[in-house]
Structure formats: C-alpha cells, structure tokens
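Peer 1: here is the input, now give the coordinates:
(one chain, ligands or ions: 1)
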Amino acid sequence: MIYDLELIDVGKVYDNGTTAVSAFSLAVNKGEFIAFLGPSGCGKTTTLRMIAGFESISSGDMMIKGVRMNDVPPEKRPTATIFQNYALFPHMTVRRNVAYGLEVKGMAKAERDRKVDRIIATLGLEDIAERKPEKLSGGQRQRVALARGLVIEPDILLLDEPLGALDANLRKAIQNELKILQRTLGVTFIFVTHAQSEALALSDRVVVMNQGRVEQVSPPHQLYTRPDTPFVAQFIGRNAIFKGQARADGAGAWRVETPAGLLSGAANGAVADGEAVSIVVPAEAMALHASVGRGREEVAAANGGNAVDARILRADVVGHVSHISAQLADGRSLSLEAHVEKYRPDDFPVGSEVFLSWKPSDATVIPAH
Ligand SMILES: Nc1ncnc2c1ncn2[C@@H]1O[C@H](COP(=O)(O)OP(=O)(O)OP(=O)(O)O)[C@@H](O)[C@H]1O
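Peer 2: You can find the predicted model right below:
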C-alpha cells in the first residue's frame with residue numbers, strides 16, 4: 001500500500017536542544033483531510049514545516065507517495081503551503097500572485113494562463129483578478145492564497161492555521177468552502193489548527209498532539225465517543241472522568257472501582273485487570289434524574305451500576321434549552337444540556353440532590369497514564 005504521505009517515527013530537536021516532536025507516525029491516504037490539533041507549543045507547526053521541507057527532520061522518515069523526502073528541498077516536494085498571513089506579494093495583482101509559482105517553474109505562458117484561468121474560476125476570483133492584495137478583504141486574500149497553492153497542482157496541500165486571521169462568521173463560511181473545494185479536487189489536505197470545532201468539522205481524521213507526541217489519530221466522532229488517553233478525554237468535548245481500578249467483566253466490558261461506586265464501561269484497547277484506569281463518560285451520554293431515593297436502584301441495575309450522586313449548582317433556560325450544572329461528590333462540576341421538556345428547571349432546583357446514569361457501552365475505560 002502506497003500512502004500519499006507517511007511519517008515514520010519522525011522527530012525534531014531544534015538546535016537549542018528543544019525537542020519539538022517525538023516519534024510521530026502517521027499514514028495518510030490520497031484525498032484525506034487531516035487536521036493536526038493540540039495546544040500551543042505541542043509541535044503542530046513544526047511537523048507541518050518538516051513535511052513542507054522548511055525544517056529538517058532530526059530522526060525518522062518522511063515519504064510522499066512512497067518516495068523518501070527527508071533530504072529533498074521544499075521546491076522539489078509535491079507540496080504547497082498556505083500560511084496564516086497568506087504571504088501574498090503586495091506589489092503583484094491577484095492574477096500574478098497566482099501565476100507566480102508556475103512562472104518560477106518555467107512553465108510556458110499558454111499553459112500557465114490556462115491553469116491560472118481555471119483555478120481563478122474554481123475559486124470565484126474573476127472579478128478581483130486585476131486587484132492588488134491591499135484592495136482585498138480577508139476572505140478574498142484567503143481564497144487567493146488557496147488559489148496560489150492549488151495552481152501548482154500539489155499532491156498535498158499544507159495549511160497552517162489558514163482561517164486564524166478571519167472573523168468568526170467569515171471563518172465559518174470559508175470552512176464550508178474549503179471542505180467542498182477539497183472534496184471536489186480530491187487533493188490531500190493537512191491542516192494545522194488549535195480550534196477544536198474547526199478540526200472536528202472539517203477533517204476526515206484528527207491527529208491530537210500533546211507535548212510533541214501523537215495522542216490519538218481518529219475520525220472526529222471517535223474522539224468524542226472513544227478517547228484513547230486521559231489527555232484526549234480532557235481536551236476534546238465535555239467528559240466526566242472517574243479514576244479507579246479495573247475489574248474485567250468479560251466480553252470487552254469492564255467494571256471500575258471508583259470512589260463514586262462500581263461503574264461500568266467498554267474498554268478501548270488494552271486494559272489489564274487491576275490496572276489503574278479512568279472511566280470516561282461524555283456529558284451527552286449522561287441522563288439526569290431528580291430525587292435520589294426514588295428509582296435509583298432500578299436505574300443503576302439497568303445501567304450496569306452506573307449511577308452517581310450529584311447536586312444541582314445551576315439550572316438556566318435559554319430558548320428551548322436547559323443548561324444544567326451539577327456537582328459530583330468529589331467536587332467537580334459537569335454541564336449538561338437538553339431540551340427544556342426533558343430537563344424542566346422546576347424538577348431540578350438549585351441545591352437539590354440528583355443522580356446521573358449512563359449506558360455502559362457509552363463509557364470508555366482507558367489506562368490512567
Ligand atoms: N525555531 C525554533 N527553535 C527552537 N524551538 C522552537 C522553534 N520553533 C518552535 N520551537 C519550539 O518547539 C515546540 C513546538 O512548537 P510549534 O510551533 O511546532 O508548536 P505548535 O503546536 O505549532 O504551537 P502554536 O499552536 O502555538 O503555533 C515549542 O516548544 C516551541 O517553543
């Protein structure tokens with residue numbers, strides 16, 4: 001199997017001794033949209049720059065379509081990069097900015113014009129083709145930068161926080177355009193962002209990074225429902241996390257002895273009997289029940305023992321949605337949202353005792369470290 005892009009144990013140590021990336025491995029299929037997501041300083045940009053060739057690779061191998069790229073200079077790689085500030089040439093028109101990469105390659109004028117015309121039309125830039133960048137809006141500049149990257153027909157387009165300079169509304173609109181464009185062209189996109197919603201909305205798979213390491217590579221939905229590590233469980237979505245000790249229950253089901261009780265979940269990967277684990281429950285999977293005494297035993301029995309006590313901190317209604325904040329016995333609070341018909345604030349007065357339940361299959365048991 002030849003991948004469009006393959007990173008095998010790639011590492012980066014800067015000259016000053018900073019280890020920015022460690023043992024980064026990833027295989028990307030043609031036409032995939034991949035997002036690198038993680039907190040500031042986790043190594044996203046460094047990894048992207050190693051793929052582009054702007055940074056050397058300290059260890060490991062980087063292949064594009066089966067060819068090792070470690071020592072290939074950036075201009076010889078089949079990649080194009082879109083930077084956050086777009087890096088357009090201010091003295092050139094849009095058309096010349098777009099044509100520039102082809103000129104540098106020495107492409108004949110007729111072919112160049114044909115390709116430039118086509119990408120200008122694809123991105124709807126006809127009306128602004130003769131303008132200079134200073135006369136463009138943020139969204140238009142963004143499109144010109146995309147056209148300039150795509151016109152050279154790269155195998156892989158690398159995007160470094162390309163929407164970071166846009167305001168929230170424009171960002172949303174361009175997100176949609178970007179997704180449609182990527183699907184239409186079938187070009188592999190690698191997209192760096194620290195905006196969770198953007199990574200989850202756009203990509204086929206998300207690479208969650210933390211301190212230079214890959215924590216998890218998964219389709220967006222799976223990051224919510226089946227986190228692999230404590231970092232991902234805390235970083236993505238809204239999860240309640242209970243620490244405890246694993247007790248095998250057979251057929252992939254686990255019980256976890258926690259201070260909140262004996263709780264059940266599904267294992268994600270290797271967990272050993274007696275191991276220190278966390279059981280991770282998405283807030284969306286939790287059901288809230290009023291009045292602790294009544295029905296608690298039955299609810300717990302029907303949910304593999306999953307019933308934990310809590311107390312209502314806040315209950316507000318905005319439009320048709322109830323926003324409820326509940327405090328667990330260990331002091332942590334959890335926010336829940338549901339239609340106002342499901343959680344009527346009258347049923348959950350502030351300070352009242354409640355309990356939360358969830359289906360074992362909705363919770364994930366992961367190693368604690
Ligand atoms: N040229 C450099 N020399 C030395 N250290 C660097 C250099 N560039 C980045 N670093 C360090 O490498 C680590 C990873 O940085 P990187 O820019 O790749 O992170 P990032 O995830 O892209 O962060 P951000 O979201 O803030 O852009 C950080 O500790 C950073 O300080």
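Peer 1: now the helices: where do they sit in the stretch 1-150 of the chain?
Peer 2: 44-52, 94-104, 109-122, 138-150 (DSSP state H, counting those that start in this stretch).
Peer 1: so which residues on this structure come close to the ligand?
Peer 2: 14, 16, 18, 20, 38, 40-46, 194 (C-beta under 6 Å from any ligand atom). For the C-beta atoms, the positions are set from N, CA and C on the backbone; glycine is no exception.
Peer 1: wait, His194 touches Thr45, no?
Peer 2: No: the pair His194 and Thr45 fails to qualify as a contact (C-beta atoms under 8 Å) at a distance of 10.1 Å.
Peer 1: please report the distance of Phe189 from Asp273.
Peer 2: Distance, Phe189 to Asp273, by C-beta to C-beta, to the nearest Å: 43 Å.
Peer 1: those two: which is more packed in?
Peer 2: Phe189 (24 against 10; other C-beta atoms under 10 Å).
Peer 1: give me the number of neighbouring residues for the nearest residue to Gly244 once chain neighbours are set aside.
Peer 2: Counting by C-beta to C-beta, 6 or more residues apart in numbering, the nearest residue to Gly244 once its immediate chain neighbours are dropped is Thr258, at 3.5 Å. Residues within reach of Thr258, counting by other C-beta under 10 Å, total 18.
Peer 1: check contacts around Thr258.
Peer 2: Thr258 makes contact with Phe242, Lys243, Gly244, Ile279 under the criterion C-beta atoms under 8 Å, 6 or more residues apart in numbering.
Peer 1: tell me which two of these sit farthest apart.
Peer 2: Lys243 and Ile279 (8.1 Å; C-beta to C-beta).
Peer 1: same drill for the two, tell me which one is more crowded.
Peer 2: Comparing Lys243 with Ile279 by other C-beta under 10 Å, the one with more neighbours is Ile279, at 28 against 16.
Peer 1: Asn144 contacts Arg96, doesn't it?
Peer 2: Just to correct that, residue 144 is Val rather than Asn. No: using C-beta under 8 Å, Val144 makes no contact with Arg96, being 10.6 Å away.
Peer 1: and the residue in the stretch 51-200 of the chain that the ligand sits nearest to, how close does it get to Thr229?
Peer 2: For the stretch 51-200 of the chain and the ligand, the shortest gap (C-beta to the nearest ligand atom) falls at His194, measuring 4.7 Å. To Thr229, His194 is 18 Å away according to C-beta to C-beta.
Peer 1: the more surrounded of those two?
Peer 2: Shown here are His194 and Thr229; by other C-beta under 10 Å, Thr229 has more neighbours (21 against 16).
Peer 1: so what pLDDT did the more buried one get?
Peer 2: Thr229 is assigned a pLDDT of 94 by the prediction.
Peer 1: phi, psi of it?
Peer 2: phi -130, psi 160 (degrees, to the nearest 10).
Peer 1: once you drop chain neighbours, what's closest to it?
Peer 2: Glu215 (4.9 Å).
Peer 1: so how far is the ligand from the one you found?
Peer 2: 13 Å (C-beta to the nearest ligand atom, to the nearest Å).
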